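No letters, just coordinates:
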Ligand code: F0G
């Protein structure tokens, strides 16, 4: 059979509500053109994120009922601990309420002002948490990873030579750890090859620097390795995942992605000293080390979800359905980051709207337009998210790329929803010349994209 279907049937449904164009126009104005400030009930197809938005399975809901809410030493924790150890192989597992809490605790333990932390590409919270310790976050993705049109099969790979250069220039004592993000979310949801992880681990070992994996989408990355890397076609995703983790000293994880859970995460490490210090901080900010800011039932849902995320039927459907969206818009000319990523399609807004300068926020304009057109919510990953103010002149500096991410929640939307998204993107594509830019009228000093307020530039076509 050629058709790859959703490998599940639907037991519980959640209605979504159509809105009129006038209603959407009004909602956009009320939200100051920031799609984060829209009410979810006014969004028809919500592609803001794949994080915490998954549909849980009947087994996960059953696990929720088995949740043991003991404050210390709950059965839920031991089931969670067993699953995470089996998949990652790490010795010490600390549950956290989500991924950034694991990042915060880890960096707080190992980083100090003046340090530098390399990564293929830091996700925004990861960068912010590194910088909050006074350390510098450096992105070392391979050059192909910065070129939207390159079809390199592992565009998430780290530039190993650049890593060596950084280590020899800065010295090992300035680099408390090296990170690698699989898949590379901010670089287009692109995978990292096993060979690259192995090479990065080799360099880290030579310099005696621990390697931590930002493992949010480890299962999707494992599937890409199986599809694209020689020698893995017959290896199970679980074995590939285990091999990936075997090259590292620990990981941070947001279970809201490949844990297919609505909340949760963990920090895992082989380093007993880091684990001990992290546990002390965990108690301060998250909770006792056997629940870490989660209910026992959440730990059980994650434990089942991690396992389901490694199911080959699920992964084949997952990666194929994301690719379906990418291929159907790109073959009509819509510029996207190629090849399609695992959890999301990234539209290249700079090329989609070439008449809008980066500082006039083409990604923001496109995100607004998709909502206006069809009630679809994506997210800008461009100058709003990664642009900066020059600390000396106060001038705005554009971000490295101008993307709009359409992230696909796991097991939530069907093929007809995705067909609707394709149609909407193509409608906007056909009238792209009439779309105008935006300016920021209010912003927070860090992670400004969440709360910034925008105004259309003069002359911008509305509707
Ligand atoms: N690392 C990566 C690569 C991520 O994509 C995220 C979250 C995190 C860390 C932080 O995890 O949200 O559980 O605290 N990414 C979400 C997204 C928010 O929409 O891509 P968290």
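It's in. Predicted model only: the values in this text are computed from it and were never measured.

Contact partners for the residue of the stretch 351-463 of the chain at minimum distance from the ligand?
Closest contact between the stretch 351-463 of the chain and the ligand, by CB to the nearest ligand atom, is at residue 407 (6.1 Å). For every residue, glycine as well, the C-beta is placed using N, CA and C. For residue 407, the contacting residues are 47, 48, 49, 50, 51, 343, 344, 378, 379, by CB atoms under 8 Å, 6 or more residues apart in numbering.

Report how many residues lie close to the closest residue to the ligand within the stretch 201-350 of the chain.
Nearest to the ligand in the stretch 201-350 of the chain, going by CB to the nearest ligand atom, is residue 254, at a distance of 3.1 Å. The number of residues packed near residue 254 is 27, by other CB atoms under 10 Å.

ditto for residue 442
For residue 442, the count of nearby residues is 12 (other CB under 10 Å).

Quick check on it: phi, psi?
With angles defined as degrees, to the nearest 10, residue 442 sits at phi -160, psi 140.

hey, what's it bridged with?
Beta bridges link residue 442 to residue 453 when assigned by DSSP bridges.

For residue 183, see how far away it is.
As judged by CB to CB, to the nearest Å, residue 442 and residue 183 stand 33 Å apart.

next one: phi and psi at the residue of the stretch 201-350 of the chain closest to the ligand?
Torsion angles at residue 254 (phi, psi; degrees, to the nearest 10) stand at phi -100, psi 110.

For it, give me the pLDDT.
Note on residue 254: pLDDT of 98.

Confirm for me that it is in contact with residue 54.
No. Residue 254 lies out of contact with residue 54 (CB atoms under 8 Å); the separation is 11.6 Å.

The spatially closest residue to residue 39 that is not a sequence neighbour: which element?
Residue nearest to residue 39 in three dimensions, not counting chain neighbours: residue 27, with 7.4 Å by CB to CB, 6 or more residues apart in numbering. Assigned by DSSP states H and E, residue 27 belongs to helix 21-30.

what mean pLDDT does that helix have?
Rounded mean pLDDT across helix 21-30 is 97.

buried sites along it?
Neighbour counts over helix 21-30 (16 or more other CB atoms under 10 Å) mark 24, 27, 28 as buried.

and those residues as TSV, adding distance to residue 235?
Listed next are the buried residues of helix 21-30 as TSV, based on distance: CB to CB, whole Å:
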residue	distance to residue 235
24	46
27	47
28	47
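
got the residues of the stretch 201-350 of the chain near the ligand?
Within the stretch 201-350 of the chain, the positions near the ligand by CB under 6 Å from any ligand atom are 214, 216, 254, 256, 265.

Tell me which two in those are the farthest apart.
Using CB to CB, those span at most 13.2 Å, a distance reached by 214 and 256.

could you say what helices and strands the helix-or-strand element of the chain with minimal mean pLDDT packs with?
Of all helical and strand segments in the chain, the minimum by mean pLDDT, DSSP states H and E falls on strand 388-389, at a mean of 82. Here strand 388-389 touches strand 396-397, going by 3 or more CB pairs under 8 Å, 6 or more residues apart in numbering; DSSP states H and E.

quick one on the thing from earlier: so for residue 214 and residue 256, which residues contact both of them?
Shared contacts of residue 214 and residue 256, defined by CB under 8 Å, 6+ apart, are found at residue 99.

what's in contact with the helix or strand hosting residue 279?
Using DSSP H and E, residue 279 sits in helix 272-285. Surrounding helix 272-285, the residues in contact under the criterion CB under 8 Å, 6+ apart are 91-92, 94, 96, 101, 104-106, 108-110, 250, 267, 269, 289, 292.

mind running it again at 10 Å?
Helix 272-285 is contacted by residues 90-97, 101-102, 104-106, 108-110, 177, 210, 212, 249-250, 267-269, 271, 286, 288-289, 291-293 when judged by CB atoms under 10 Å, 6 or more residues apart in numbering.

What of stretch 413-427?
Here stretch 413-427 makes contact (CB under 10 Å, 6+ apart) with 3-6, 10, 16, 44-47, 55, 321-322, 324-329, 332-334, 336, 345, 347, 352, 366, 369-376, 378, 404, 406, 408.

Equivalent analysis for stretch 160-174, please.
For stretch 160-174, contacts defined as CB under 10 Å, 6+ apart pick out 112, 114-120, 135-136, 138-143, 159, 175, 178, 180, 195-196, 199-200, 202-204, 206-209.

model confidence over it, on average?
Mean predicted confidence for stretch 160-174 is 96.

And stretch 325-335, by the same measure?
97.

what's the span of it, first residue to last?
End-to-end span of stretch 325-335 (CA to CA, to the nearest Å): 13 Å.

what's the answer for stretch 7-15, then?
Stretch 7-15: ends 21 Å apart by CA to CA.

Also stretch 139-146?
Stretch 139-146 has its terminal residues 11 Å apart, counting by CA to CA.

Can it be said to contact the ligand?
No. Stretch 139-146 lies out of reach of the ligand by CB under 6 Å from any ligand atom, never closer than 12.3 Å.

just to revisit the earlier point, could you identify the most distant pair in the contacts of residue 407?
51 and 378 (13.7 Å).

neighbour count winner among the two?
More crowded of residue 51 and residue 378, by other CB under 10 Å: residue 378, with 28 against 20.

pretty sure the more buried one is touching residue 336, no?
No. Applying CB atoms under 10 Å as the test, residue 378 and residue 336 come out as separate, 11.9 Å apart.

Now do the contacts for the closest residue to residue 115 other than its chain neighbours.
Distances taken as CB to CB, 6+ apart place residue 135 nearest to residue 115, at 3.8 Å, with adjacent residues excluded. For residue 135, the contacting residues are 107, 110-117, 129, 174-177, by CB under 10 Å, 6+ apart.

Equivalent analysis for residue 346, please.
By CB under 10 Å, 6+ apart, the neighbours of residue 346 are 148, 185-190, 326, 335-338, 340, 363, 378, 381, 401, 403-407.

Among these, which lie within strands?
Mapping the contacts of residue 346 onto strands (DSSP state E) picks out 381, 403, 404, 405, 406, 407.

any idea which of those is the one closest to residue 450?
Nearest member of those to residue 450, counting by CB to CB, is residue 381, at 13.0 Å.
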